[in-house]
Structures are given as C-alpha cells and as structure tokens.
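S.K.: Pasting the sequence and the predicted model now:
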Amino acid sequence: MRYLLLLTLCAIPQAYAQDALPVPARADFVKRDCVPAMTRQLGNDAAAATFAHAACECSYRLLSDRQTMTREQFDAAGTVCRAEFEQDNAAFVRKYAE
C-alpha cells in the first residue's frame, strides 16, 4: 500500500514547474529522474528499487508516444500504472522491471 501512495506522490520534479514539458528520453525519464525520486521515498533496498523501476517504466511507456507531457498526463499515467499494479502486483513487476 505504501508503494501505491508513493507512486501517486512521486513525480518528475520538473513536471510540476511548467504546463507542458518535452517527454525526455527513456534513460533520462526512468533512470535519472523518476527512479531516484521514488527510491528516496521508498528506500534503496532491492525490493524498493525493483518496484521504482517498474513504476517508472510503466509511466514512461504510457507517455513515450507524446512529444510533450502535462502534469495531468503524467498523473493519468500514474493512475493507469497504479491500477495495473493493484490488479496483479507480481505480473506488474515482471512486465516492467526488466
């Protein structure tokens, strides 16, 4: 449950600062921005790092077809990922934590 709350609260910091931002490359979005933000909140143990990577990868896949993203779009991606995680958390992690 803690992971779900943090998935909602953790965001790429720049997404809050502007109306629309370019969607960064996968490595920048997942590894540079999202995973570090989530692991700061969750801790840096293996389970938290695996979950953070899966959640960030899920969000990126939902946003990657766009040139730009808004806060609303970023939040919507998190909502979809959260629902997928709630449906089957083990399958979610297997799918996105590659």
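M.R.: Perfect, I can see it now. All figures in this text were calculated on a predicted structure; none of them were measured in a lab.
S.K.: Now do the helices in the chain.
M.R.: Applying DSSP state H to the chain gives helices spanning 2-9, 14-17, 26, 35-42, 46-63, 71-87, 89-96.
S.K.: Would you mind getting the angle between the last one and helix 46-63?
M.R.: Angle, helix 89-96 to helix 46-63, by axes from the mean of the first three to the mean of the last three Cα atoms, to 10 degrees: 60 degrees.
S.K.: Report the rounded mean pLDDT for helix 89-96.
M.R.: Across helix 89-96, pLDDT averages out at 95.
S.K.: Find the centremost residue of this protein, please.
M.R.: For the chain, residue 56 is the residue whose C-alpha lies nearest the centre (Cα atoms, centre = their mean; 2.8 Å).
S.K.: That one touches residue 34, doesn't it?
M.R.: Yes. If you go by Cβ atoms under 8 Å, residue 56 and residue 34 touch, sitting 3.6 Å apart. C-beta here means a position set from N, CA and C on the backbone, and glycine is covered the same way.
S.K.: hang on, the earlier thing: now do the residue nearest to the centre of the chain against residue 19, distance only.
M.R.: Applying Cβ to Cβ, to the nearest Å, the value for residue 56 to residue 19 is 22 Å.
S.K.: Good, we can wrap up now.
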